[in-house]
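>>> one predicted model, sequence on top.
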Amino acid sequence: MNKLSKRRISEKINITNPVKIKQIYNKTALPNGIRIVTEEIPHVRSLSLGFWIDTGSQNETEENNGISHFIEHMAFKGTKKRSAREIAQSIESVGGYLNAFTSKEHTCFYARVLDEHLELAMDILSDIVFSSTFPRKELEKEKQVVIEEIKRAEDDPDDIIHDYFDKVLFKDHPLSMPVLGREETVKLYSRRSLFQYRKCRYTAKNLVIASAGNITHKKVVELAKKYVGKIDNDEQKSEKMVNQELGIPNAVISEYYKPILQAHICMGTLGMSIRDERRFAMQVLNTLLGDGMSSRLFQNIREKYGFAYSVYSFNNMMKYTGSTGVYIGTDDSHVLKCMDLVWKELRSIKKKGISKSELERTKEQLKGSIMLGMENIPNRMIRLGSSELYFGKFISLDTIISGIEAVRREDVQEIAEQLFSEDRFATVIFHPTQKSKDVEKKVR
């Protein structure tokens, strides 16, 4: 990928008194319900444009699990106007790139191009999102491609263990299903099922168009009206929704024996919704626990004992719930020792809390990480789209920084006391072995 150079600034900049760059955010809703959110960044020469669909694996059933991800694949296989090759060449021929991703909650199709190619990006994205024909000759081939993707994921234990963990943690809830789907469900997809799902979920009210870069809000709105202004807002009944209550997690240890060389551990519990007012304290807690080389878990398990190469904590916040926990890759003989060391840190935070200096250091680390991420144009587009889907408004950088700065030591300890309970922790362990077998046991 070619790097795009920034425009030269002719004026001298006073380093001792730098000018604060204002975030120019705007939002418009079209008559059919499509929301358009933009952030104007005039000092760059590129833009990132994303079509966000409010649908993901959480909106699926056991029978069609993975269909959101599969439609993401099939969208690039041809439309009424363009072949698959023409779609691939359209953006790359002007030096940009085109891609997509699917999560448990959202599907996003996005492009990054030079600012002069905004209309091309809008044309291509609207075409693949709403006019893909799902060609029969491509359907069976792409099923095999996705099945190979599922197999590749299974061959990546430090990644796939999180799917196993979600299955144990979320049980029969839709969030327990893998984004990629399962081989048996992928084989059953038909063109009809793809069209039905798209008609039901790819509606105007479920679409957010987000753009960041050297654009004007007025121009993005004009182009949106031109290319998607007549998209229907079909009010069909949706698939299974996820705002249902989640049960209290059980203390379960699920052990899997796989032909691998290293043991993998994923342990955790239900976390917080992204709309929870305590989310900033939760982010601080996660950062000090296991995000980066200076975190407690890294310094203890890797640096002090040398038990693991990879050790980190995670904090996945979603619309109605979340998950939080710890991952470790270690020798099979060190599994129990590593789990004991994790609980030693969790109990320490619960009982003793954290020091003032540790809190301030962690806040600075978190703020710095967020602000550095803002220098990436696609990241800013992602913030726009996800913010609109989660909150219905833009959460400014100032609001986020203020939220982090307001976190107190007692806030962090209070969350630790609430979440870090052994009788609510689910644990998944992959053991290396020559034979495959699965074991699940409840912890008393």
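That came through fine.
>>> mean confidence score for stretch 50-68?
For stretch 50-68, mean pLDDT is 97.
>>> give the buried residues for it.
For stretch 50-68, the neighbour count (16 or more other CB atoms under 10 Å) marks 50-60, 64-68 as buried. (C-beta placed from N, C-alpha, C; glycine too.)
>>> may I see the buried residues of stretch 92-101?
Applying 16+ other CB under 10 Å to stretch 92-101 flags 96, 98, 100 as buried.
>>> let me see the contact set for the last one.
When you say that, I think you mean residue 100. Counting by CB atoms under 8 Å, 6 or more residues apart in numbering, residue 100 makes contact with 72, 75, 76, 107, 108, 109, 110.
>>> repeat that for the second one.
Under the criterion of CB under 8 Å, 6+ apart, the contact list for residue 98 reads 76, 87, 88, 90, 91, 92, 109, 110, 111, 124, 125.
>>> that's a helix at it, yeah?
No. Judged by DSSP: H, G, I helix; E, B strand; the rest coil, residue 98 forms no part of a helix; its state is strand.
>>> name the residues linked to it by a beta bridge.
Beta-bridge partners of residue 98, counted by DSSP bridges, are residue 111.
>>> give me the distance between it and residue 383.
20 Å (CB to CB, to the nearest Å).
>>> the first one too?
Distance check for residue 96 against residue 383: by CB to CB, it reads 20 Å.
>>> how many residues are close by the closest residue to residue 356 other than its chain neighbours?
With CB to CB, 6 or more residues apart in numbering as the criterion, residue 356 has its nearest non-adjacent residue at 6.7 Å, and that residue is residue 409. Residues near residue 409, counting by other CB atoms under 10 Å, number 16.
>>> also residue 337?
Residues near residue 337, counting by other CB under 10 Å: 14.
>>> ok, now how distant is it from residue 330?
8 Å.
>>> now residue 196
Applying CB to CB to residue 196 and residue 330 gives a distance of 46 Å.
>>> so which of those two has more stuff around it?
Ranked by neighbour count (other CB under 10 Å), residue 196 and residue 330 place residue 330 first, with 23 against 14.
>>> may I have the phi/psi pair for the more buried one?
phi -150, psi 170 (degrees, to the nearest 10).
>>> quick one, phi psi at the closest residue to it other than its chain neighbours?
Among residues not flanking residue 330 along the chain, residue 308 sits closest, at 4.6 Å (CB to CB, 6+ apart). The phi and psi values for residue 308, taken as degrees, to the nearest 10, are phi -150, psi 150.
>>> got a list of what residue 308 touches?
301, 302, 328, 329, 330, 334, 338.
>>> what's the most distant pair in those residues?
Farthest apart among the contacts of residue 308 by CB to CB are 302 and 334. That separation is 11.5 Å.
>>> so which other helices or strands are in contact with the host helix or strand of residue 149?
Assigned by DSSP states H and E, residue 149 falls within helix 136-154. Contacts defined by 3 or more CB pairs under 8 Å, 6 or more residues apart in numbering; DSSP states H and E place helix 136-154 against helix 67-74, helix 157-170, helix 183-186.
>>> pLDDT score for residue 234?
Confidence score, pLDDT, at residue 234: 64.
>>> next one: residue 433
88.
>>> now swap in residue 100 and tell me
98.
>>> ok, the spatially most central residue of the chain - contacts?
Of all residues in the chain, the one closest to the mean position by CA atoms, centre = their mean is residue 103, 5.9 Å from it. Residues near residue 103 by CB under 8 Å, 6+ apart: 56, 57, 179.
>>> distance to residue 45 and secondary structure for these - can I get that in a markdown table?
Shown next, in a markdown table, are those (distance: CB to CB, whole Å; DSSP: H, G, I helix; E, B strand; the rest coil):
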| residue | distance to residue 45 | secondary structure |
| --- | --- | --- |
| 56 | 33 | coil |
| 57 | 36 | helix |
| 179 | 34 | coil |
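>>> looking at the contacts of residue 100, spot the one nearest residue 174.
residue 107 (15.1 Å).
>>> wait, doesn't that closest one sit right on residue 73?
No. In this structure residue 107 lies outside contact range of residue 73 using CB atoms under 8 Å: 10.9 Å.
>>> show the average pLDDT along stretch 152-163.
What stretch 152-163 shows for mean pLDDT is 97.
>>> what lies in contact with that stretch?
Counting by CB under 8 Å, 6+ apart, 178, 180, 258, 260, 262, 264-266, 310, 314, 327, 329, 428, 430 sit against stretch 152-163.
>>> kindly report the same for stretch 218-226.
With CB under 8 Å, 6+ apart as the criterion, stretch 218-226 contacts 28, 30, 34, 36, 38, 49, 118, 119, 122, 209, 211.
>>> tell me which of those fall in helices.
118, 119, 122 (DSSP state H).
>>> turn those into TSV, columns for pLDDT.
Below are these laid out as TSV (pLDDT from 0 to 100):
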residue	pLDDT
118	98
119	98
122	98
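>>> filter those to the buried ones?
Using 16+ other CB under 10 Å, the buried members of the ones in helices among the contacts of stretch 218-226 are 118, 122.
>>> could you dump the ones in helices among the contacts of stretch 218-226 to TSV with distance to residue 393?
Shown next, in TSV, are the ones in helices among the contacts of stretch 218-226 (distance: CB to CB, whole Å):
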residue	distance to residue 393
118	24
119	27
122	23
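>>> out of the ones in helices among the contacts of stretch 218-226, who's nearest residue 374?
Out of those, the member with the shortest distance to residue 374 (by CB to CB) is residue 118, at 21.1 Å.
>>> residue 46 is in contact with the closest one, correct?
No. The criterion here is CB under 8 Å, and residue 118 misses it with residue 46 at 10.3 Å.
>>> all helices of the stretch 151-300 of the chain, in order?
157-170, 183-186, 191-201, 217-228, 279-290, 296-297 (DSSP state H, counting those that start in this stretch).
>>> quick one, which of these gets closest to residue 321.
Nearest to residue 321, of these and by CB to CB, is helix 157-170 at 8.4 Å.
>>> please state the offset of the closest one from the chain centre?
Centroid separation for helix 157-170 versus its chain: 15 Å, with CA atoms, centre = their mean, to the nearest Å.
>>> give me the angle between that helix and helix 136-154.
Angle, helix 157-170 to helix 136-154, by axes from the mean of the first three to the mean of the last three CA atoms, to 10 degrees: 90 degrees.
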